[in-house]
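Visitor: Here's my sequence, what's the structure:
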Amino acid sequence: MTTQGKLSWGRELSSLFPCCNKKKDQKPQIITSLVEMVPPQPMPPQQELDAKFTELVDELELSEQHRADMFALPAEKKWQIYCSKKMGPDDNDRITMPQFYIDKINFMAARKNLEPLEEENQKVVDGLKTALRTQPISFVTRFIEMDGLSCILNFLKSMDYETSESRVHTSLIGCLKALMNSSQGRAHVLGHPESINIIAQSLAAENIKTKVAVCEILGAVCLVPGGHKKVLEAMLHYQTFASERTRFQNLVTDLDRSTGRYRDEVSLKTAIMSFINALLSQGAGEKSLEFRIHLRYEFLMLGIQPIIDKLRQHENSTLDRHLDFFETLRSDDEYQLSSCFDSVHVDTKSANQMFELLRKKLSHSESYPHLLSVLQHCLLMPYKQSRSTLQYWTLLDKIVQQLVLQTPRGDNPDVAPLGDFNVKNLQSLLVDENEVKQWKDEAAKLRKEQQNLQQRLEKKERECEAKNKEKEEMMETLQKMKDKLERESNEHKQAKRQLEDLSSRLQQLGSTSGVPGGPPVSSAGQGPAASSSSSSTPHPPPPPPPPGGPVAFGMAPLAPPPPPPPGAPLGLTEKKKNIPQPSNPLKSFNWSKLTEAKIEGTIWAEIDDLEVFKVLDLAEIEKTFSAYQRPAKEIGEEASMKKVKELSVIDGRRAQNCNILLSRLKMTNEEICNAILTMDEYEELPKDMLEQLLKFVPEKSDIELLEEHKHELDRMAKADRFLYDMSRINHYQQRLQALHFKKKFNDRVADVQPRIEALSLASKEVVQSRALRQLLQVVLAFGNYMNKGQRGNAYGFKMSSLNKIADTKSSNDRNLTLLHYMITVLEKKFPKAAAFSEELQNVPEASKVSMTELEKEIGTLRSGLKNIKEELQYQQAQSSQHPIDKFVPVVSQFITVASFSFSEVEDSLQEAKNLFAKALRLFGEDTSKPQPDDFFGVFSTFLFMYSEARQDNADMIRRQEEEEKRVLKESQMRKEREQRMRKAMVNDEEEGGEFDDLVSALRSGEVFESLSKQSNRKQRRHNGVESSRERPARKLNQY
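Guide: Next up, the predicted model:
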């Protein structure tokens, strides 16, 4: 190969698709091929060399990776490459080279008989093919500009039979393939109106290599954007050119034909199958199930399935890969089709089954009468054997095909037999706009009714669920209380008997020894018992704070003070100032005022604000700071439209947030009030909404402002009216807090109990585990053996030392630690100790428990119960209750159940603390500051490290076994690789470029690998369904 030929690797490495680039990790081969060359001129300065070399690399159209590889070469190598490319023929010769080939090919096309000059003609065509591959991109550009493509296509159209069967024909196809290696040439070929059609015409040649080259080009064009449909059009053109009865007829015939030459035969069949797979899986076939079934049906009707079964006899891996992909894709498509009809398998050969599936699918639908109409009119079509009868049925077939395949935008993925047949336009003609509007309105109405019914149903379900849950919790609590009462009753009886025994013994001692003093002890247990009972009598509740004080949760006055009358001043009576009054309410100015009694001796005694009112524009102030909020309008609209003014005295930001909350809550103020008074009997207030409502409790200043405008309720803004209505509820904030605590109580207890249980179980496990003790015994032995001096001779060690075992590395293998070695010893010598983790199941969960947080949450529950009890006492003391107020009965019942549940939680926490303290003492740990997350965290970390080290040992053993197997099969695998390489190199004599890489990937089946993997995943997912099908993947329907 010439030096220019060796430079062709640049364009060959930049691929059209990443999956087709198989040489991207290789170094440029030109490094070794130009070592012996001597540059004809001395090397220029570095800057000039870099500029020239950059110009050369730009012409080669390399990928980024290979550009970097080229620029990384030494300066001497760069100069050699440049000289080999630029110091050859002069510029004039290079520019005229395309014209030379074009003239030669035009001359050959004009001659009637090329046989005498066959060798010379072959050299010319081969030279053009080599030039298109190896010359710079400027040569390709010049060839295109001089209309070299039309020259080749005209020669292909006009050649006689002898030429079409010669090597010249094959080389001309190779020229087109070489031209398509560059993006510019490929775009020019695809843009030519007849190029793909003329290439497809070459399938009529008998030369196998020509057929293979054409199939590979057409298959590769299917992979290029926009090329798939061009190939389908070309095959339809070839049907007319070759007088085929149906499209693809000669292609399937060649697939079945035997030539007697194994290598050529397998090469042709592989190229045809790769072309068929590209037609089925690319273009519209990537996403459209309908298109794949439609196109595959053409091949099945030509009898491709029996041919595929026969091709298996060749036992060629590459050919089998394409056959497997065809059958796998068909199997997946048939499964998707059958799933649409809830059937195991659709037998497309059985007209009865297909009709039955359609009948079941459309039965009881508005489309069923139209199906019957189609069948009735089919009965009326001509059925006598004639050309017109066939045309009728063909037309009906084409119409249905186009109905199925045409996209909503009117695009046809296949060649449309009826060009003006637009399904979308026809559909629009069948639908009346008024009917559509009526249907839409009716559908919207039905959707709204359905949403309302759904909301009501969900509300009732939540209510029932809450009631059932409450009932179950009540029954469970009653059972626990019953058990506890029986247990305490038995203990009381036992204590009473012991007391009676002691009393009788004391009486006997008193009568016999006459001991003076001491109170008389009665048999009924008066005396100490009476004193204990009196001491346990609860103290009366503390008196409530005086009215007017701050209202806190659980600290309520006996009766709220009545609000002052409108306009009445607060506190002591003050002298009325002669202040002008606005005609409408104004925004309030939140200040802290001083009374007349407090201004003596201050600056305010000298200030008279009445003088200021003479200067102020009061009308403008009233207009600017009016409490009425009007929606923004245009000036013209204000004059023509009058809307009701809204009164708002609440802070704007707070009012906005309150409105957002109310819009999410979707309840009226009255419904919210009723829900709070009934303690949310119907479960209308979610927990998160209660938390938000607590942020909008009416404050004292809000209530005072709202009271001043209570006569204007209809004009109040939404947020103001909400705060006003809520302020009418007695102890609104305390009720809301009680309701929130009631709803959250079970969740809080359920959050605490698992942690307490994990702490108790983990403490028991570490105390009772025999395997752990044996493990510690082994660790102690290792430590004493490995440590000397003061570090040795130990009788025990801190548990934190367990996590330092892995820090000791082996002196032979740095990846091997003392922990890895110890696990090996334990598994061989102490198998029970090696499985110690099975006895510490709850330790990881206990390592997450923080005693501080646990006690804090218990304290929160305790204080919440105390506050809700105080609020209950306050509500019970009220003389008048609202008719729907259910606070007292609901909260009384809740406190009974919650108090018992909380006492159980407290008891279990104390028991867990005792067990944990016992575990700390057993292992010699510090008991002054017990923290479960510290103590059990040591064990949890060790369990994780132990598991990882154990897995490392297993992986190391597995790798050793795999290495042994690999060594045993190395010779056989080497032979298989050599065979695959020889097969891959068949018919690969020419160096490839972008388009060549695409053809190579198509030939080997790598293009379909990702699709095959997806099909395999689908196959595994539906493995159970596939096993019940009527036939395996390969035993498909025979056509």
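Visitor: Give me the domain ranges for this structure.
Guide: Domain assignment for the chain by the TED database gives 46-87, 452-496, 625-629+644-729.
Visitor: List just the one of those domains that sits closest to R814.
Guide: domain 46-87 (35.0 Å; C-beta to C-beta). In short, each C-beta sits where N, CA and C put it, glycine included.
Visitor: Quick check, E334 in contact with H345.
Guide: Yes. Counting by C-beta atoms under 8 Å, E334 does reach H345; the two are 7.0 Å apart.
Visitor: neighbour count winner among these two?
Guide: E334 (20 against 17; other C-beta atoms under 10 Å).
Visitor: Compare the domains of the chain and report which one is nearest to N815.
Guide: Here domain 46-87 is closest among the domains of the chain (C-beta to C-beta), at 34.2 Å.
Visitor: Give me the neighbour count for A762.
Guide: A762 is flanked by 28 other residues according to other C-beta under 10 Å.
Visitor: That one and A806: what is the separation?
Guide: Using C-beta to C-beta, to the nearest Å, A762 is found at 23 Å from A806.
Visitor: cool, D720 as well?
Guide: Distance from D720 to A806, by C-beta to C-beta: 67 Å.
Visitor: for S940, same thing?
Guide: From S940 to A806 the distance is 15 Å (C-beta to C-beta).
Visitor: now S769
Guide: Computed as C-beta to C-beta, the S769 to A806 distance reads 21 Å.
Visitor: Also Q249?
Guide: Counting by C-beta to C-beta, the gap from Q249 to A806 is 72 Å.
Visitor: quick one: average pLDDT of the helix or strand harbouring F935?
Guide: Here F935, judged by DSSP states H and E, is contained in helix 932-968. Mean pLDDT, computed over helix 932-968, is 89.
Visitor: what's that helix packed up against?
Guide: Other elements packing on helix 932-968 under the criterion 3 or more C-beta pairs under 8 Å, 6 or more residues apart in numbering; DSSP states H and E are helix 732-768, helix 818-829, helix 843-846, helix 887-922.
Visitor: neighbour count winner among D720 and A806?
Guide: D720 (25 against 17).
Visitor: R654 is in contact with that one, correct?
Guide: No. Shown here, D720 and R654 do not form a contact pair, counting by C-beta under 8 Å, at 10.4 Å.
Visitor: Which residue is the nearest non-sequential neighbour of F894?
Guide: K742 (5.4 Å; C-beta to C-beta, 6 or more residues apart in numbering).
Visitor: and that neighbour, how far is that from C464?
Guide: From K742 to C464 the distance is 19 Å (C-beta to C-beta).
Visitor: how far does the top helix by length along the chain sit from the chain's center?
Guide: Longest helix of the chain, by residue count under DSSP state H: helix 433-513. Put simply, helix 433-513 sits 40 Å off its chain's centre (C-alpha atoms, centre = their mean, to the nearest Å).
Visitor: How is E683 classified with respect to secondary structure?
Guide: What DSSP: H, G, I helix; E, B strand; the rest coil gives for E683 is coil.
Visitor: so what's it scoring on pLDDT?
Guide: Here, the pLDDT recorded for E683 equals 83.
Visitor: I figured it hits R462, correct?
Guide: Yes. Using C-beta under 8 Å, E683 is in contact with R462, at 4.8 Å.
Visitor: Neighbour count for these two, which is higher?
Guide: The neighbour comparison of E683 against R462 (other C-beta under 10 Å) goes to E683, with 17 against 14.
Visitor: how close does the more buried one sit to I272?
Guide: Distance of E683 to I272, computed by C-beta to C-beta: 69 Å.
Visitor: just the helices and strands packed on helix 932-968: most buried one?
Guide: Mean neighbours per residue, mean count of other C-beta atoms under 10 Å, is largest over the helices and strands packed on helix 932-968 for helix 843-846, with a mean of 22.
Visitor: Need the CA coordinates for it. CSV is fine.
Guide: Taking C-alpha atoms only, helix 843-846 is exported to CSV below (Å, rounded to 0.1, in the frame of the first residue of the first chain):
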residue,chain,number,x,y,z
VAL,A,843,-28.0,-4.8,67.5
PRO,A,844,-27.9,-2.6,64.3
GLU,A,845,-31.3,-1.1,65.2
ALA,A,846,-30.3,-0.5,68.8
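Visitor: Tell me which helix or strand D926 sits in.
Guide: Per DSSP H and E, there is no helix or strand for D926.
Visitor: In contact with it, which residues?
Guide: For D926, the contact set (C-beta atoms under 8 Å, 6 or more residues apart in numbering) comprises L920.
Visitor: Need the pLDDT of the nearest residue to Y682 once chain neighbours are set aside.
Guide: Nearest residue to Y682 in three dimensions, chain neighbours excluded: E463, at 5.3 Å (C-beta to C-beta, 6+ apart). We have a pLDDT of 76 for E463.
Visitor: E637 too?
Guide: Taking E637 on its own, its pLDDT is 46.
Visitor: re earlier: now for the longest helix of the chain, which elements pack on it?
Guide: Under the contact criterion of 3+ C-beta pairs under 8 Å, 6+ apart, helix 433-513 touches helix 887-922.
Visitor: gap between the helix it packs on and the chain center?
Guide: Worked out by C-alpha atoms, centre = their mean, helix 887-922 lies 42 Å from the chain centre.
Visitor: by contact count, what packs against that helix?
Guide: helix 433-513, helix 732-768, helix 851-877, helix 932-968.
Visitor: so the longest one versus helix 887-922, what angle?
Guide: Yep, that's helix 433-513 we're talking about. Orientation of helix 433-513 against helix 887-922 (axes from the mean of the first three to the mean of the last three C-alpha atoms, to 10 degrees) gives an angle of 70 degrees.
Visitor: Next: the second one.
Guide: With the same axes, to 10 degrees applied, the angle from helix 732-768 to helix 887-922 works out at 30 degrees.
Visitor: Determine the set of other helices and strands touching helix 732-768.
Guide: Checked by 3+ C-beta pairs under 8 Å, 6+ apart, helix 732-768 has helix 669-677, helix 687-693, helix 843-846, helix 851-877, helix 887-922, helix 932-968 packed alongside it.
Visitor: and the ones you listed as a markdown table, adding distance to L203?
Guide: Shown next, in a markdown table, are the helices and strands packed on helix 732-768 (distance: least, C-beta to C-beta, whole Å):
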| stretch | distance to L203 |
| --- | --- |
| helix 669-677 | 79 |
| helix 687-693 | 70 |
| helix 843-846 | 69 |
| helix 851-877 | 79 |
| helix 887-922 | 84 |
| helix 932-968 | 46 |
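Visitor: mind checking which of those helices is nearest T134?
Guide: Short answer: helix 932-968, nearest of the helices and strands packed on helix 732-768 by C-beta to C-beta, at 42.0 Å.
Visitor: Would you mind listing the buried residues in that closest one?
Guide: For helix 932-968, a neighbour-count test (16 or more other C-beta atoms under 10 Å) marks 932-940, 942-943, 945-946, 949-950, 952-953 as buried.
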